[in-house]
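Asker: Provided below are the primary sequence and the corresponding predicted coordinates.
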Amino acid sequence: MTVTEAATEPLIRIGEVARGAGVSVRAVRYYEQQGLLIAERSPSGQRLYRQDAVTLVRFFQQMFAAGLTSRRIMELLPCWVSGHTDVDQRAMLRAERDRIQAKVDDLQAALDRLDEVIAITDTHP
């Protein structure tokens, strides 16, 4: 996005960001407090965000759900925004991916066990 495009891009209010991302206004404020999201202020002091704030908030939600901290998400953000990484960032991304994959594997094993229990109980009324 060029500087001219950024200057003419319509900004959206905090409530629109929250609704679009499916989170509370309080969550959006939290992301701003953590330095993950940047708001501009209207003349009356209302928080105003770029259109991509909804996508960013959804990304934050996914990363928090996967167990990442605000600090780690802050480290990931430049990689996601720019699409470029250095060696240390790539190592960090791979380590997070491996950790999440292990979590997914554990959840899949638990799901398989539940399916076994359901199958057993379905045959014994």
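Answerer: Sure, I can see it. All values derive from a computational prediction rather than experimental measurement.

Asker: give the contact list for Ala21.
Answerer: Val28, Ala53, Val54, Val57, Arg58, Gln61 (CB atoms under 8 Å, 6 or more residues apart in numbering). Any C-beta I mention is one placed from the backbone N, CA and C, and that applies to glycine too.

Asker: And the next helix or strand past the helix or strand of the chain with the lowest mean pLDDT?
Answerer: None of the helices or strands of the chain scores lower by mean pLDDT, DSSP states H and E than helix 3-8, at a mean of 50. Counting by DSSP states H and E, the next helix or strand C-terminal to helix 3-8 is strand 12-13.

Asker: who touches that next one?
Answerer: Here strand 12-13 makes contact (CB under 8 Å, 6+ apart) with Gly20, Gln46, Arg47, Leu48, Tyr49, Arg50, Gln51, Ala53, Val54.

Asker: From those residues, keep the buried residues only.
Answerer: Gly20, Arg47, Leu48, Tyr49, Arg50, Ala53, Val54 (16 or more other CB atoms under 10 Å).

Asker: tally of neighbours for the closest residue to the fifth one other than its chain neighbours?
Answerer: With CB to CB, 6 or more residues apart in numbering as the criterion, Arg50 has its nearest non-adjacent residue at 6.0 Å, and that residue is Glu9. Glu9 is surrounded by 12 other residues when neighbours are defined as other CB atoms under 10 Å.
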